[in-house]
Structure formats: structure tokens, C-alpha cells
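Novice: Below are the sequence and a predicted model for it; my questions follow.
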Amino acid sequence: MPDKKNAAACSRENPNNAVAETHLYNEPYSENIVVDLVNAWKAIVSRTPLYPDEFFQYSLYMSDSLGALRGLPTTRHESCNFHSYTLPEPSKAKVSVVISFHNEARSMLLRTIVSLIRRTPEEYLHELIVVDDRSLDATLLDDLERWLGRVFATRSRLGLIFLRNLERRGLIWSRNRGAIVASGHYILFLDSHCEVNEGWLEPLLERLALNPRLAVSPVLDPIDPETLSYRKGNAMLKGGFDWSLHFHWLKRRLTSKERPEAPYKSPSFSGGVLMISREWFLKLNSFNPNLKIWGGESIELAIKLWLCGGQIEIVPCSRIGHIFRRFHAFEFPPERDFTEHASSQRSFAQSTYLHNSKIIAESWLDEYKNMFYALKPAAKGIPLNDTTIEELHQFRREKQCHRFHWYLWNVSPELRFNLEELAATGTLQNEDRCLHARNQKDSQTGRQLILTSCYSKDITQWSLFRVTGQLSTQRELCLGVGFGRILSLGPCGQNETLRQSQQWVRTGTQLMHAATHLCLDNPIKDQLELNSCRSHAVSQSFQFALEMERQT
Ligand code: UD2
Ligand code: MN
């Protein structure tokens with residue numbers, strides 16, 4: 001996503017030194033330290049190598065302009081400021097912060113670190129462990145080491161550990177490496193483009209001190225990648241995932257007594273920014289080390305926690321800003337296994353994600369893994385090491401973890417409802433082609449429907465709902481019949497009229513439109529039509545990847 005407005009982003013001059021300086025004056029530091037900070041900031045940022053605008057997937061120009069620290073709006077509920085937090089003794093609650101980064105802008109990483117050091121009570125912040133996952137900017141870590149050591153020399157209690165991977169190992173491996181060397185009681189995992197807000201630690205620490213098997217997340221406040229403006233994150237959402245093991249936000253329903261700002265249970269983390277007791281994290285075998293590079297590790301940890309005696313809470317009084325980028329800012333390194341087995345249409349990013357999801361499905365989902373394979377058939381072809389899975393099952397037995405079924409009933413009823421609601425799901429195949437809803441913003445919705453190779457990238461996964469008879473894509477677009485008996489794809493209707501136009505009846509392998517009694521048909525190659533139903537017509541036979549037994 002090249003950012004044309006900020007064409008100056010390639011200039012290595014700090015574009016607005018004046019701004020950088022003013023942002024530091026509010027800090028209760030002696031004048032010498034402020035001067036040191038400003039000078040060091042300028043020096044370190046001016047050594048940023050030249051990269052094209054899209055390299056970071058956020059505006060480098062804006063990041064360089066903002067300085068080492070800026071004031072942030074208070075985004076948490078007012079009452080959080082007045083609550084008196086019951087905190088453990090600092091000597092029993094030392095916090096290690098682990099940040100792994102790959103190709104982060106210097107100014108961004110610095111702001112992450114400075115916000116953390118400045119907004120964390122000194123007596124609790126035990127150490128900062130920064131892992132450079134083989135970034136192209138090879139001198140960044142050394143500069144950082146020199147700079148932090150000098151500017152924060154007065155913080156004698158703060159341990160600073162800098163680790164560099166000799167080869168790119170990915171976020172998951174790097175975070176685990178950080179956790180192994182950490183010596184605090186708690187670990188906070190943080191992305192390298194964050195800004196912690198005032199008072200972020202106390203609400204998390206209070207909860208962790210009550211329950212050593214808990215893991216907590218703050219509410220993440222979104223920072224806009226183009227303007228870097230800091231907005232208020234939504235505290236009415238829980239973290240969850242669907243059957244293809246993709247993360248999803250779930251709406252939180254408050255009971256009559258519940259306050260929105262109180263900590264709440266969540267089936268999964270709201271992301272990878274989380275805090276947990278180091279001992280408990282290591283007992284859980286850390287992030288699954290067989291997961292590669294990026295993706296899935298927080299879902300895996302969430303399932304592992306819940307099934308093996310832990311819990312997850314989101315704590316709205318704790319706020320941390322994070323830049324949510326639309327696209328990956330980094331390449332996924334080629335994997336030999338994937339080159340040999342991957343379809344030519346799949347990128348290494350997709351293969352890595354499929355690989356990681358398959359490990360989760362095979363390790364934790366028990367019989368429900370069939371749901372995953374129905375939605376992600378390409379995962380079947382991804383090779384896995386059998387011992388990897390066997391080790392995990394051994395771990396489950398040793399720790400007497402619950403089966404996945406327990407999670408559906410006790411932690412994520414949303415996932416269970418999703419299963420119970422479905423009559424069939426997955427790709428929808430007619431002969432050797434699959435029905436695909438092509439993403440075409442400017443066309444009429446009806447034209448988005450095509451029949452294409454079932455192995456196409458991102459082929460549509462359909463869900464046929466038992467009660468409503470609606471046939472929906474994962475983006476909640478439903479197949480309906482409009483005026484003139486034209487097939488169309490539109491938002492799934494909540495009202496009765498729309499619902500009727502979107503209702504289908506499964507008869508054998510046919511899909512009959514309930515109101516018109518016409519059937520889905522593919523009479524001319526790859527053209528979806530609605531015609532009179534003819535039993536045994538091959539062109540009207542549509543198979544889902546997974547058909548649940550009908551109970552109605
Ligand atoms: C989310 C999580 C992230 C992690 C990821 C899935 C939040 C705020 N972020 O993605 O924590 O759980 O999902 O794995 O919820 N990095 C490396 N080596 C790599 C790739 C990335 O060190 O090979 C670093 C990267 O510089 C960043 C962190 O890992 O600091 C997370 O990567 P991201 O920001 O691209 O991931 P994000 O926020 O989309
Ligand atoms: Mn991130």
C-alpha cells in the first residue's frame with residue numbers, strides 16, 4: 001500500500017525535529033537527560049536506511065515526525081483512573097518485556113521502547129529483551145544498545161538484553177528465545193510498533209496476582225498506519241476463531257451486573273500482546289515451537305491455556321496502542337517442505353499459515369479437525385512431522401488437559417452454535433468446478449458468482465444454515481433470488497422477506513430455492529443458473545466439502 005502523500009518518507013532527515021523536541025519537554029527528567037534523549041533520538045533515526053514507502057506498511061514520515069514520546073489520549077474508562085489497584089510486592093512481580101522485530105522502522109521501535117520505559121513503574125519493570133529477527137537494518141540493534149544504555153543509565157535496575165538471530169527464525173521462535181532468557185516473574189509479549197498508554201501495567205498485574213494460571217491482554221487501541229493517530233479500542237469485543245482457525249472478534253454480551261470496564265473472560269487473545277507468569281508459560285511449553293515464522297501461535301496458546309487449567313482475560317483498564325497493518329510488511333522465507341508440496345498458486349505466507357493451523361487442528365481439535373479440513377482442504381497436502389503431534393498428545397495426557405469438546409461447551413459457545421447451526425459447509429462443488437464469490441467491488445453483486453477450479457486461491461467456503469436455509473459466504477453474503485429470478489449475492493437478510501428470497505432446501509445433492517422451487521444449475525460450462533429441478537441431473541448436483549447429518 002504505497003503511501004503517495006508521504007513521498008518524503010525516503011528522506012533520511014528527521015522531517016520535523018522541532019516536534020521531536022517538544023514532545024520530550026513534558027517529561028519529568030533533568031534537562032541534561034532531555035537533551036541527551038533528543039540528540040540520541042535524532043542520531044539514531046537519521047541513520048535509518050533508505051527504503052521504499054511500502055516497506056513498513058505505515059507512514060515512516062509520520063513516525064519520524066512524532067518524536068520519541070508523545071502524549072496519548074486517555075482511552076480507558078474514567079473509573080480506571082480512580083480505582084485503587086491491589087498490587088503484589090515489586091520484588092515478587094518483576095516484569096520482563098519481550099519484543100521481537102523484523103524490519104521495523106527505527107523511530108517506531110524507539111517509540112515503543114521509550115513509551116514502555118516511561119509509562120511503567122520503575123520498581124516493576126525488571127528487564128527489556130529485544131530480539132532482532134535478522135532485520136535488513138543490520139546496525140539498528142547496536143545503535144539501540146548504545147543509545148538505551150546511555151540515556152537510561154539512571155535506571156540501574158532495568159536489565160537490557162539484546163539478541164540477534166543469525167538467520168531469520170520468525171516471531172514465534174524469537175519470542176520463545178526471549179522467554180527462555182527472561183528472569184522476571186511475568187512476561188509481557190509486545191509487538192515492535194506499539195505505544196503503551198498511561199497506567200497500562202497495574203490493571204494487568206492486579207489480575208495476574210489473583211490467579212497464577214491466568215493470561216491477560218490489554219484492550220488494543222488502534223494506531224492508524226497512515227496518520228498515526230491514536231484511537232480508542234473497543235472493549236465490547238472478545239477474541240475467538242472460526243473453524244478454519246482464523247481469528248475473529250466476538251461480540252461481548254454484558255450481564256445486568258457487569259460493568260464494561262471490568263476484566264472479562266475471552267476464548268482467545270485479542271492478539272499477540274499478552275502477559276503471563278513466566279513459570280506458567282514455560283510449563284505450558286511456551287508458544288508451540290513447531291509453528292513457523294508467524295501466525296496461529298496466540299490461538300494455540302489460548303486453546304492450550306483453557307484446556308490445560310488456565311484462563312484468559314481481557315482487561316479494559318489496560319490500554320496499549322498498536323498499528324494494525326493491512327498487509328504483511330515482510331516476506332515469508334521459503335521453506336523447502338512447502339516448495340516440494342505447495343501448489344504453484346500458494347504463497348509461502350499461505351503455506352506457513354496452513355502449516356501452523358494444521359498443527360493446531362491435529363494437536364487440539366480431536367474429532368472436530370474434520371471441520372478444519374472441510375474448510376481448508378489444501379491443508380491435507382501440507383507435510384507434518386508425526387512426532388510433533390505425538391509429543392503434543394503426550395503433553396495433553398501428562399497435564400490431563402480437557403478434550404476440545406470441553407472448550408465448545410465451557411469456553412466458546414459461539415463456536416459450538418456455529419457448528420450446530422450448520423447443515424453443510426466448505427467448498428461447493430459441481431463436477432470438477434467450485435462455486436466462487438469473486439471479490440469485485442464495482443460490479444453488480446450478481447456478477448461475482450463464478451464456477452472455477454476448486455484449488456483456486458481463497459476459493460469461497462459456503463455454509464448452509466439448518467434453520468434459515470441461507471447459503472452464506474464467510475463474509476456473510478447470502479445467495480438469493482431477486483426479481484426476474486436472477487441469482488444474486490447480498491448481505492444475509494435478517495428480515496423475513498429477504499430471508500425468504502435467500503432460503504434453500506437441500507434435496508439429495510440439489511439446492512432448491514424454497515420460494516420458486518427452482519434448482520441451482522450449471523448447464524453451460526461454468527455458468528450458474530436457476531432452472532427447473534431435474535432429479536439426477538449432473539449439472540444440478542452440488543457437493544459441499546462437509547455435510548453434517550441432518551437432525552431436523
Ligand atoms: C498479530 C499479533 C502478533 C502475532 C501475529 C501472529 C497483535 C497486536 N499482533 O499480528 O503479536 O500474534 O498476529 O503471529 O495482536 N516479527 C518477527 N519476525 C517475523 C515476523 C514478524 O520478529 O518473521 C515481529 C514483527 O516485527 C512484530 C511482531 O513480530 O513486532 C508481530 O508481527 P506483525 O506486527 O506483522 O503481526 P500482526 O500485528 O499483524
Ligand atoms: Mn503488529
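Specialist: That came in fine, so what should we check first? Ligands and ions are numbered 1, 2, ... in the order given.
Novice: secondary structure element for Leu250?
Specialist: Leu250 belongs to strand 247-251 when assigned by DSSP states H and E.
Novice: With Arg70 instead?
Specialist: Applying DSSP H and E, one finds Arg70 in no helix or strand.
Novice: Could you measure from it over to ligand 1?
Specialist: 19 Å (Cβ to the nearest ligand atom, to the nearest Å). The C-beta positions use only the backbone N, C-alpha and C, and glycine is treated the same way.
Novice: same check, this time on Ala153
Specialist: The gap separating Ala153 from ligand 1 is 26 Å, by Cβ to the nearest ligand atom.
Novice: Please apply the same query to Ser357.
Specialist: 12 Å.
Novice: outside of the strand holding Leu250, which residues touch it?
Specialist: 234, 236-242, 267-268, 270-271, 298-299, 414 (Cβ atoms under 8 Å, 6 or more residues apart in numbering).
Novice: what about 6 Å?
Specialist: Where contact means Cβ atoms under 6 Å, 6 or more residues apart in numbering, the residues beyond strand 247-251 that reach it are Leu237, Lys238, Gly240, Phe241, Asp242, Glu414.
Novice: ok, now stretch 80-99?
Specialist: Contacts of stretch 80-99 (Cβ under 6 Å, 6+ apart): 123-130, 175, 178, 182, 184-190, 192, 202, 205-206, 209, 261, 317.
Novice: ok so, going back, strand partners (parallel or antiparallel) of the strand holding Leu250?
Specialist: strand 237-241 (antiparallel) (DSSP bridges).
Novice: Just the C-alphas of stretch 156-169, formatted as CSV.
Specialist: In CSV, the C-alpha atoms belonging to stretch 156-169 read as follows (Å, rounded to 0.1, in the frame of the first residue of the first chain):
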residue,chain,number,x,y,z
SER,A,156,20.2,0.8,37.2
ARG,A,157,17.5,-1.8,38.0
LEU,A,158,16.5,-2.1,34.4
GLY,A,159,18.1,-5.1,32.6
LEU,A,160,18.6,-4.6,28.9
ILE,A,161,19.2,-7.7,26.8
PHE,A,162,19.7,-7.5,23.0
LEU,A,163,19.6,-10.7,21.0
ARG,A,164,20.2,-11.1,17.3
ASN,A,165,19.1,-14.2,15.3
LEU,A,166,21.8,-15.2,12.9
GLU,A,167,19.1,-16.3,10.5
ARG,A,168,15.5,-15.3,10.2
ARG,A,169,13.6,-17.5,12.6
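Novice: got the buried residues for that stretch?
Specialist: Buried residues in stretch 156-169, counted by 16 or more other Cβ atoms under 10 Å: Leu158, Gly159, Leu160, Ile161, Leu163, Asn165, Arg168, Arg169.
Novice: cool, stretch 178-185 as well?
Specialist: Within stretch 178-185, the residues that count as buried by 16+ other Cβ under 10 Å are Gly178, Ala179, Ala182, Gly184, His185.
Novice: swap in stretch 356-376?
Specialist: Buried-residue list, stretch 356-376, by 16+ other Cβ under 10 Å: 356-365, 368-369, 371-376.
Novice: What pLDDT does the model give Asp53?
Specialist: Note for Asp53: predicted pLDDT of 73.
Novice: Also Asn16?
Specialist: So, for Asn16, pLDDT stands at 35.
Novice: Closest one to ligand 1 out of the buried residues of stretch 178-185, please.
Specialist: Gly178 (10.1 Å; Cβ to the nearest ligand atom).
Novice: was I right about the closest one contacting Ile129?
Specialist: Yes - checked against Cβ atoms under 6 Å, the pair Gly178 and Ile129 is within contact range at 4.4 Å.
Novice: Quick one: name the residues of this structure near ligand 1.
Specialist: Proximity of the chain to ligand 1 is confined to 100-102, 104, 133, 168, 170-171, 174, 191-192, 220, 271-273, 293-295, 297-298, 322, 330 under the rule Cβ under 6 Å from any ligand atom.
Novice: Which of these fall in strands?
Specialist: Ser100, Phe101, Leu220, His322 (DSSP state E).
Novice: ok, and the closest non-adjacent residue to the first one?
Specialist: Of all residues not flanking Ser100 in the chain, Ser174 sits nearest, at 3.6 Å (Cβ to Cβ, 6 or more residues apart in numbering).
Novice: The stretch 401-550 of the chain: strands as residue ranges?
Specialist: 422-430, 433-437, 449-453, 462-465, 471-472, 477-481, 487-491, 504-507, 510-513, 518-521, 529-532, 543-547 (DSSP state E, counting those that start in this stretch).
Novice: Please identify the deepest-packed of the ones you listed.
Specialist: strand 471-472 (a mean of 25; mean count of other Cβ atoms under 10 Å).
Novice: Might you calculate how far that strand sits from the centre of the chain?
Specialist: Counting by Cα atoms, centre = their mean, to the nearest Å, strand 471-472 is centred 25 Å from the centre of its parent chain.
Novice: other SSEs contacting that strand?
Specialist: strand 462-465 (3 or more Cβ pairs under 6 Å, 6 or more residues apart in numbering; DSSP states H and E).
Novice: at 7 Å what do you get?
Specialist: The helices and strands touching strand 471-472, judged by 3 or more Cβ pairs under 7 Å, 6 or more residues apart in numbering; DSSP states H and E, are strand 462-465, strand 477-481.
Novice: now for the longest one, which elements pack on it?
Specialist: By that I understand strand 477-481. Using 3+ Cβ pairs under 7 Å, 6+ apart: strand 477-481 touches strand 471-472, strand 487-491.
Novice: With mean pLDDT added, can I get these in TSV?
Specialist: Converted to TSV, the helices and strands packed on strand 477-481 look like this (pLDDT from 0 to 100):
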stretch	mean pLDDT
strand 471-472	95
strand 487-491	90
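Novice: Identify the structural domains in the protein and state their residue ranges.
Specialist: As recorded under automatic domain parsing, the domains making up the chain are 4-71+87-323, 336-418, 422-547.
Novice: Of those, flag the one that's most buried.
Specialist: Note that of those, domain 4-71+87-323 is the most buried (mean count of other Cβ under 10 Å), with a mean of 19.
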